[in-house]
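> turn this into a model:
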Amino acid sequence: MPRLTVVESGRSDARERVEARLAAEETRGLLRFLTCGSVDDGKSTLIGRLLYDSQLVYEDQMKSAEHDSRRSNGTRGGPLDLALLVDGLEAEREQKITIDVAYRYFSTPRRKFIVADTPGHVQYTRNMATGASNCDFAVLLVDARSGVLTQTRRHACILSLLGIGRVALAVNKMDLIDFEQARFEAIAEEFQGFAAELGFEQVTAIPVSALKGDNVIAPSAHMHWYRGPTLLGHLETVDVSRAEKERPFRFPVQYVNRPHLDFRGYAGTVASGRIARGDEVVIHPSGRRVHVARIVTADGDLETAQEGDAVTLTFAEEVDASRGDIVAREEGGPSVADQMAARIIWFDEEPMLPGRAYFLKCGSQTTTATVLNLKYKLNVDNLDHVAGKTLELNEVGSCNLNTTKPLVFDAYAENADTGSFILIDRFTNATVAAGMIEFGLRRATNIQWQELSINKQARGGLKEQKPCVLWFTGLSGAGKSTIANTLEKRLHAMGRHTYLLDGDNIRHGLNKDLGFTDADRVENIRRVAEAARLFVDAGLIVMVSFISPFRSERRMARDMFDEDEFIEVFVDTPLEVCEARDPKGLYSKARAGLITNFTGIDSLYEAPEHAELKLDTGTSPPEELAEAVLRELRRRHLV
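Numbers count the residues shown, from 1 in each chain. Now for the predicted structure:
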């Protein structure tokens with residue numbers, strides 16, 4: 001009997017030790033941080049040094065890195081390339097650069113870490129912003145030989161925009177400048193002066209040599225003049241906790257869970273706050289008030305759910321909710337608007353053009369958005385606000401956005417999950433920008449659509465016709481206006497009510513303030529499309545004769561009308577034929593360099609891919625082509 005008591009006591013002690021170990025693991029804390037900076041500043045090498053000196057490299061990783069180091073150096077006894085412990089893509093190993101974001105996990109007795117190694121090349125700035133969006137702290141590297149570069153400043157600006165308030169400035173490669181104190185202090189002072197306007201809570205400058213290990217984990221024997229922490233010591237102790245203030249409840253609906261007729265739930269992840277069974281909530285943007293009946297999980301129902309919990313909510317009342325809706329409490333509810341001020345970082349080689357339509361994705365919400373206007377661009381060298389109409393690759397700007405349907409959001413400073421978005425090109429599906437919402441525009445909430453008693457069907461019926469728009473597109477001199485004018489005369493003779501919007505005529509009035517840059521061309525078409533929509537609403541058959549060179553804007557125009565109201569007519573006249581005609585002498589001026597941004601010469605024309613009609617003016621006269629358009633109108637029963 002005493003022996004049994006001893007065994008049970010031993011098991012109890014072991015269990016207590018395990019429980020204590022697990023409790024200590026839970027309280028150790030986790031720091032998510034990234035390394036960033038200009039290319040070749042040593043980001044991957046620094047992380048490799050942290051992993052190597054902490055003895056946290058797996059045996060197979062070490063063998064692979066040693067093999068690749070020998071192959072790279074051409075020797076059997078060459079030094080280990082620590083960057084290879086992080087760079088995983090073949091292209092990264094071959095070019096010795098970081099392309100994608102590489103995540104690594106390591107821990108010390110004081111803290112657990114997830115580090116994102118982000119690329120320094122300008123063309124991969126989008127990947128750096130992606131990595132930073134999930135981090136609480138940043139290690140910004142600077143090559144001691146080069147100092148603070150434009151890309152260093154750009155990354156600092158992005159960190160500030162994304163709300164990362166604490167930064168370690170790691171001045172790397174100190175061994176290559178003989179550990180010179182004056183050089184380190186000059187770099188630290190220059191960066192501190194620049195960062196003062198970015199609003200960082202704390203910037204800590206640390207001189208390091210990632211290659212040699214100085215001041216990475218252990219203090220350097222070569223820099224006795226430095227009295228601050230090592231990089232790892234700083235990472236273990238830096239406080240990145242935010243003020244203990246619970247954020248309002250937000251639950252973006254990801255999908256409607258309907259496994260059978262007797263169950264309808266709304267699945268998603270709690271973005272912030274907490275909710276309890278029986279609480280009253282509001283579903284946005286509809287504003288419908290309901291009560292939470294159940295909080296369902298795979299392991300059974302919960303009484304409460306909090307930030308980070310993936311749950312399915314059911315409501316006591318019948319309600320029509322769908323993906324993209326946001327569930328919140330009435331107090332401290334989100335903003336709902338179709339216009340908002342935002343800051344965006346542009347990622348695409350094609351510039352951002354105000355008036356062009358993009359897909360906007362904010363959480364589980366997706367809508368179409370246009371940039372109303374660019375208020376200013378941010379000069380990353382001196383943080384000046386610079387006037388401009390477009391954003392180029394990697395530029396940062398402040399703008400106003402317009403969405404086709406109301407967006408439910410919070411200011412990014414209040415809630416990053418519901419205040420951030422991306423813009424997507426509607427043709428390539430490439431992510432072209434990341435954005436942070438600042439606030440909704442008050443005028444958007446004060447303007448409501450006024451319902452009218454008489455609609456376009458009634459107006460068209462009075463005229464005994466169906467309103468529609470014929471969108472003529474093609475190069476300058478293709479014959480668009482000639483065909484449209486001939487068609488209008490035929491329709492007028494038939495007693496139809498029409499109007500012709502011609503590109504040159506519109507630029508004498510409505511669009512007289514616009515030039516011929518890509519941005520101005522986009523705005524030109526946006527205004528004309530809005531005018532054409534009003535004419536169609538008046539019950540008219542509208543002919544629009546514009547070069548309209550970009551597919552994106554023609555698609556934007558098409559989306560403004562009902563499916564059977566928009567007919568795209570491609571006047572497919574070859575460039576050499578248009579140039580030979582040159583009725584206005586514009587091609588000769590463009591060839592002589594007297595006109596810039598001329599479509600077909602130094603500005604792109606994107607031919608329609610799926611036009612309803614395709615006309616060739618080289619083989620048929622305008623009268624026959626106008627008759628062909630008229631036959632299409634009759635076939636569609638529009639006249």
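> can you list the weak-confidence ranges in the stretch 201-350 of the chain?
With pLDDT under 70 as the threshold, the stretch 201-350 of the chain has low-confidence stretches at 242-245.
> what about residue 227, distance to residue 192?
17 Å (C-beta to C-beta, to the nearest Å). The way it works is simple: take the backbone N, C-alpha and C, and place the C-beta from them, glycine included.
> compare those two (neighbour count), which wins?
It is residue 192, of residue 227 and residue 192, that has more neighbours when counted by other C-beta atoms under 10 Å, with 13 against 7.
> would it be right to say that that one lies in a helix?
Yes - Residue 192 sits within a helix when classified using DSSP: H, G, I helix; E, B strand; the rest coil.
> which phi and psi does the spatially closest residue to residue 575 that is not a sequence neighbour have?
By the measure of C-beta to C-beta, 6 or more residues apart in numbering, the closest residue to residue 575 outside its immediate chain neighbours is residue 600, 5.1 Å from it. Dihedral angles of residue 600 (phi, psi; degrees, to the nearest 10) stand at phi 100, psi -20.
> who's in contact with residue 600?
For residue 600, the contacting residues are 475-476, 575, 578-579, 587, taking C-beta atoms under 8 Å, 6 or more residues apart in numbering as the criterion.
> mind checking how far it is from residue 373?
In this structure, residue 600 and residue 373 are separated by 29 Å, where distance is defined by C-beta to C-beta.
> which helices and strands does the helix or strand encompassing residue 436 pack with?
Under DSSP states H and E, the secondary-structure element containing residue 436 is strand 431-440. For strand 431-440, the elements it packs on are helix 125-132, strand 335-346, strand 357-362, strand 396-409, helix 416-419, strand 420-424, judged by 3 or more C-beta pairs under 8 Å, 6 or more residues apart in numbering; DSSP states H and E.
> residue 543 is nearest to which of these?
Closest of the helices and strands packed on strand 431-440 to residue 543 is strand 357-362, at 23.0 Å (criterion: C-beta to C-beta).
> what pairs with that closest one, parallel or antiparallel?
Paired strands of strand 357-362, with direction, are strand 365-378 (antiparallel), strand 420-424 (antiparallel) (DSSP bridges).
> could you check the angle that strand makes with strand 396-409?
Angle of strand 357-362 versus strand 396-409, following axes from the mean of the first three to the mean of the last three C-alpha atoms, to 10 degrees, is 60 degrees.
> pLDDT below threshold where in the stretch 51-200 of the chain?
Within the stretch 51-200 of the chain, the set of residues satisfying pLDDT under 70 comprises 54-100.
> where do the strands sit along it?
Using DSSP state E, counting those that start in this stretch, the strands of the stretch 51-200 of the chain run over 102-107, 112-117, 137-143, 166-172.
> pairing partners for the first one, with directions?
For strand 102-107, the paired strands and their directions (DSSP bridges) are strand 112-117 (antiparallel).
> report the buried residues of the strand it pairs with.
113-117 (16 or more other C-beta atoms under 10 Å).
> just put the residues you listed in a markdown table and tack on distance to residue 152.
Listed next are the buried residues of strand 112-117 as a markdown table, based on distance: C-beta to C-beta, whole Å:
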| residue | distance to residue 152 |
| --- | --- |
| 113 | 23 |
| 114 | 23 |
| 115 | 19 |
| 116 | 17 |
| 117 | 16 |
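> for residue 367, state which of these is nearest.
When those are compared for distance to residue 367, the smallest value, 29.5 Å, is given by residue 116; criterion: C-beta to C-beta.
> might one say that that closest one is in contact with residue 102?
Yes - A contact is recorded between residue 116 and residue 102 when judged using C-beta atoms under 8 Å, the distance being 7.3 Å.
> okay, residue 399 and residue 522: tell me how far apart.
14 Å.
> pull the number of nearby residues for the nearest residue to residue 468 once chain neighbours are set aside.
Of all residues beyond its chain neighbours, the one nearest residue 468 is residue 565 (4.7 Å), with distances taken as C-beta to C-beta, 6+ apart. The burial metric for residue 565, expressed as a neighbour count using other C-beta under 10 Å, is 19.
> helices of the stretch 51-200 of the chain, start to end?
Remark: helices of the stretch 51-200 of the chain, listed N- to C-terminal, are 59-73, 90-95, 125-132, 150-161, 181-195; assignment by DSSP state H, counting those that start in this stretch.
> in the third one, what's buried?
Judged by neighbour count using 16+ other C-beta under 10 Å, the buried positions of helix 125-132 are 125-132.
> OK, contacts around the residue lying closest to residue 633 once chain neighbours are set aside?
Closest residue in space to residue 633, ignoring its immediate chain neighbours: residue 639 at 4.7 Å, by C-beta to C-beta, 6+ apart. Listed by C-beta under 8 Å, 6+ apart, the contact set of residue 639 reads 465-466, 491, 494, 496, 541, 630, 633.
> go on, residue 235?
Taking C-beta under 8 Å, 6+ apart, we find residue 235 in contact with 31, 33, 111, 113, 137, 139, 168.
> got the end-to-end distance for stretch 385-396?
As for stretch 385-396, its first-to-last residue distance stands at 10 Å under the measure C-alpha to C-alpha, to the nearest Å.
> buried residues in it?
So for stretch 385-396, counting by 16+ other C-beta under 10 Å, buried means 388-391, 393-396.
> repeat for stretch 250-262
By neighbour count on 16+ other C-beta under 10 Å, the buried set for stretch 250-262 is 250-254, 257.
> who are the contact partners of residue 498?
Contacts of residue 498 were listed using C-beta under 8 Å, 6+ apart, and they are 488, 491-492, 540-543.
> which of those fall in helices?
With helices taken from DSSP state H, the overlap with the contacts of residue 498 comprises 488, 491-492.
> how far away from the center of its chain is stretch 110-126?
Distance, stretch centre to chain centre, for stretch 110-126: 18 Å (C-alpha atoms, centre = their mean, to the nearest Å).
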